[in-house]
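**Q** kindly return the folded structure for what I paste below:
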Amino acid sequence: MKQTTALMTAEQLMELPDDAMRYELIAGELHMSPPPGQEHGYYGLNIGGEMRRFLKKTRLGIAVVEVGFLLGRDPDTVLAPDVAFISEKSLKKHGRTLSYYPTPPDLAVEVVSPSDAMTEVKEKVRRYLSAGTKIVWVASPKRQAVTQYAPGVAPVIWGIDDDIDGGELLPGFRMAVRDVFD
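**A** Next up, the predicted model:
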């Protein structure tokens, strides 16, 4: 991921022209990367689609893709997970917005691309959890596994023969890891 050195605000990030690059703001520093490849999008859609079907039935909240979430201010941090869950409680408090969502997602999903350094992925996980995200799922196509991170507990790794479990955040949600990477 390339980055610039000038500090920027979330509002300035929102004003950037649409040039097909992906931008995130980390502690005021602009980070850009090329759009992800087809495989990356397919895996993210598999998770997001299954989550959306579940949430339409349960009304626990909504699933979104590649939405910017404001994780911190002064300096600003805006991250855009591949898939995210916003709880109904958060939606009632903040509503829907045309800008970045004003709080961290309840659940963030990151799909690892071939160009992603694992140190950067783990730093994103740390930032989400530090900002208040309850769960982060990292889907690794190379390992054919999904790792769940949550504050104060050891990571849980679900392999190709396991099911992702929504736990207390998404009670009743289950998805075969195999279906993520089919």
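**Q** so for stretch 109-122, mean pLDDT?
**A** Average pLDDT, stretch 109-122: 92.
**Q** how about residues contacting it?
**A** 1, 33-34, 36-37, 40, 43-44, 47-48, 81-84, 124-125, 136-142 (CB atoms under 8 Å, 6 or more residues apart in numbering). C-beta coordinates here come from the backbone N, C-alpha and C atoms, glycine included.
**Q** which among those residues count as buried?
**A** Neighbour-count burial within these applies to 33, 36, 40, 43-44, 47-48, 81-84, 124-125, 136-141; the criterion is 16 or more other CB atoms under 10 Å.
**Q** contacting residues around the spatially most central residue of the chain?
**A** The centre of the chain sits closest to Pro81, judged by CA atoms, centre = their mean, with a distance of 2.5 Å. For Pro81, the contact set (CB under 8 Å, 6+ apart) comprises 66-67, 69, 105, 108-110, 128.
**Q** strands of the protein, start to end?
**A** Assigned by DSSP state E, the strands in the chain fall at 2-7, 22-26, 29-33, 61-65, 69-72, 77-79, 83-87, 107-111, 135-140, 145-149, 156-158, 163-165, 174-176.
**Q** with distance to Phe54 as extra columns, can I get these in JSON lines?
**A** Below are the strands of the chain laid out as JSON lines (distance: least, CB to CB, whole Å):
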{"stretch": "strand 2-7", "distance to Phe54": "36"}
{"stretch": "strand 22-26", "distance to Phe54": "27"}
{"stretch": "strand 29-33", "distance to Phe54": "29"}
{"stretch": "strand 61-65", "distance to Phe54": "8"}
{"stretch": "strand 69-72", "distance to Phe54": "21"}
{"stretch": "strand 77-79", "distance to Phe54": "23"}
{"stretch": "strand 83-87", "distance to Phe54": "10"}
{"stretch": "strand 107-111", "distance to Phe54": "12"}
{"stretch": "strand 135-140", "distance to Phe54": "14"}
{"stretch": "strand 145-149", "distance to Phe54": "16"}
{"stretch": "strand 156-158", "distance to Phe54": "17"}
{"stretch": "strand 163-165", "distance to Phe54": "11"}
{"stretch": "strand 174-176", "distance to Phe54": "8"}
